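Asker: 3D model of this:
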Amino acid sequence: MQSVKAGIVGLGGRGIGLLKQLVKMKDVDIVSVCDLYEDRTKEGADIVQKAKKVRPFETTDYKDVLDEKKIDVLFIFCSWEDHIKLAVEAMEKGIKVGLEVGGAYSVDDCWALVDTYEKTGTPVMMLENCCYGKYELMVLNMVRQGLFGDVVHCAGGYQHDLRKEITHGKENRHYRLNNYLNRNCENYPTHELGPIAKVLDINRGNVMVNLTSTSSCAKGLKQYVKDGKTSNPDLVGAEFKQGDIVTTVIKCKNGETITLTLDTTLPRSYSRGFTVRGTKAMYQEDNNMLFEDGRFILYEFYGKPLWNNGRKYLRKYMHPIWRWYKKKGVRGGHGGMDYLVLRAFIEAVQNGTHMPIDVYDTASWMVITPLSEISIKEGSTPQAIPDFTRGKYQNRTDKAQGLYNIDK
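Answerer: Residues are numbered from 1 along each chain as shown. So this is what the prediction gives:
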């Protein structure tokens with residue numbers, strides 16, 4: 001299969017991590033690397049040279065990377081603020097885009113992404129790795145086989161103690177700090193929403209129609225700084241706008257509801273809280289438990305013996321993607337999800353097929369952030385979620401082909 005020539009913009013922690021996976025792929029040539037900081041650009045170039053024996057073009061100006069004669073695809077791994085801007089510029093040049101996750105900053109930005117795709121025909125794929133998680137795909141497989149009956153409600157969250165990463169943002173040159181100082185919203189919705197959207201057939205027979213968001217007060221980071229756990233003197237006495245817990249409730253066209261929780265500035269263990277409730281079964285990620293109606297009646301009041309029984313269901317309901325993956329050999333970061341999502345994008349580019357997470361998915365997941373911000377500012381008022389498909393969701397036939405397809 002023909003090699004894909006790639007440019008990369010953004011070589012912070014996440015960018016470097018994904019670059020280390022990309023250079024292991026024989027059918028991916030890293031032609032150029034870019035970051036605002038020269039040391040990061042050099043580190044990226046060194047990684048490519050060591051793995052590929054060829055040094056890529058290095059620059060601190062992303063515009064130097066956008067040369068459609070030199071690259072087929074652009075990987076955008078930089079700060080959230082620049083994701084859509086760079087994606088639109090690349091698409092206008094006919095360069096296909098693999099876009100790292102994050103929320104948008106305005107509804108208009110999301111429309112710009114869709115409008116550019118529909119004008120140019122150049123695809124963009126959000127690299128939402130959690131859509132390819134082992135258990136997320138197992139549950140998706142079970143839902144598609146009818147074991148959950150009718151799905152009524154789903155929940156998930158980005159629940160991850162990020163106090164150290166946020167308050168050391170200046171030293172680490174990390175964009176989260178400015179966001180937590182200046183915004184209050186569901187700033188990172190896609191890890192939980194992506195798998196849920198596929199379960200609920202969002203943009204393929206169903207759409208999200210409105211949301212409300214409610215924020216708690218913001219005390220976690222202030223206490224963390226007060227306790228002397230950061231070396232940044234500028235944060236002493238700083239007021240963080242980002243609430244410690246943000247709860248977003250979404251209503252779907254077909255009647256289902258979704259609850260998203262952002263919880264990143266208080267002490268806790270990591271969880272994405274993936275939960276699916278149907279008329280015949282329930283799945284909860286936090287204890288990896290699947291409860292089937294009529295089968296586990298003895299455990300209705302005490303379910304602890306069922307904890308981690310999800311492993312048993314894997315034997316029968318492991319998704320075909322993961323059956324293939326186990327035989328091939330699981331690799332890459334985040335339990336193997338990173339490799340799968342990168343390959344899904346790369347092989348769609350090579351084969352000229354539809355993206356498994358397409359522009360409509362990308363826009364509708366990213367728009368949750370600006371809409372939640374407005375809802376919170378207006379006292380948790382409902383906000384309409386645009387139908388970025390412009391009605392096409394009712395009868396769509398375009399979808400990814402082959403192994404990595406996660407649509408019906």
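
Asker: Quick one, grab the pLDDT at the residue nearest to residue 330 when sequence neighbours are not counted.
Answerer: Closest residue to residue 330 apart from its sequence neighbours, by Cβ to Cβ, 6 or more residues apart in numbering: residue 336 at 4.1 Å. Bear in mind the C-beta positions are built from the backbone N, C-alpha and C, glycine included. Confidence at residue 336, expressed as pLDDT, is 96.

Asker: What does residue 336 show for phi and psi?
Answerer: phi 100, psi -10 (degrees, to the nearest 10).

Asker: now residue 384
Answerer: Backbone geometry at residue 384, expressed as degrees, to the nearest 10, gives phi -70, psi 140.

Asker: Pretty sure it sits against residue 210.
Answerer: Yes: using Cβ atoms under 8 Å, residue 384 is in contact with residue 210, at 5.3 Å.

Asker: quick one: which of those two has more around it?
Answerer: Using other Cβ atoms under 10 Å as the criterion, residue 384 and residue 210 rank with residue 210 on top: 14 against 11.

Asker: To which secondary structure element is that one assigned?
Answerer: Counting by DSSP states H and E, the element that carries residue 210 is strand 208-215.

Asker: C-alpha coordinates for that strand, CSV please?
Answerer: Provided in CSV are the C-alpha atoms of strand 208-215 (Å, rounded to 0.1, in the frame of the first residue of the first chain):
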residue,chain,number,x,y,z
MET,A,208,-28.4,15.6,19.8
VAL,A,209,-30.9,18.5,20.0
ASN,A,210,-30.2,20.5,23.1
LEU,A,211,-28.2,20.7,26.3
THR,A,212,-28.0,22.3,29.7
SER,A,213,-24.8,22.7,31.7
THR,A,214,-24.3,23.5,35.4
SER,A,215,-21.1,24.3,37.1
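
Asker: Give me the sheet partners of that strand and which way each runs.
Answerer: strand 245-252 (antiparallel), strand 383-384 (antiparallel) (DSSP bridges).

Asker: chain center to it: distance?
Answerer: 18 Å (Cα atoms, centre = their mean, to the nearest Å).

Asker: Check stretch 103-123 too.
Answerer: That offset, for stretch 103-123, works out to 17 Å (Cα atoms, centre = their mean).

Asker: from what I can see the residue nearest to residue 330 touches residue 135, true?
Answerer: No: using Cβ under 8 Å, residue 336 is not in contact with residue 135; the gap is 12.0 Å.

Asker: Compare these two (neighbour count), which wins?
Answerer: residue 135 (22 against 19).

Asker: I figured that one hits residue 284, correct?
Answerer: No: Residue 135 is not in contact with residue 284 according to Cβ under 8 Å; the separation is 10.4 Å.

Asker: Find the residues that touch each one of those two.
Answerer: Both residue 135 and residue 284 are contacted by residue 274, under the criterion Cβ atoms under 8 Å, 6 or more residues apart in numbering.

Asker: Which parts of the stretch 251-400 of the chain are strands?
Answerer: Applying DSSP state E, counting those that start in this stretch to the stretch 251-400 of the chain gives strands spanning 257-263, 275-278, 281-284, 289-292, 383-384.

Asker: In JSON lines, list these along with mean pLDDT and distance to residue 120.
Answerer: Output for the strands of the stretch 251-400 of the chain, formatted as JSON lines (pLDDT from 0 to 100; distance: least, Cβ to Cβ, whole Å):
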{"stretch": "strand 257-263", "mean pLDDT": "98", "distance to residue 120": "31"}
{"stretch": "strand 275-278", "mean pLDDT": "98", "distance to residue 120": "36"}
{"stretch": "strand 281-284", "mean pLDDT": "98", "distance to residue 120": "39"}
{"stretch": "strand 289-292", "mean pLDDT": "96", "distance to residue 120": "43"}
{"stretch": "strand 383-384", "mean pLDDT": "98", "distance to residue 120": "27"}
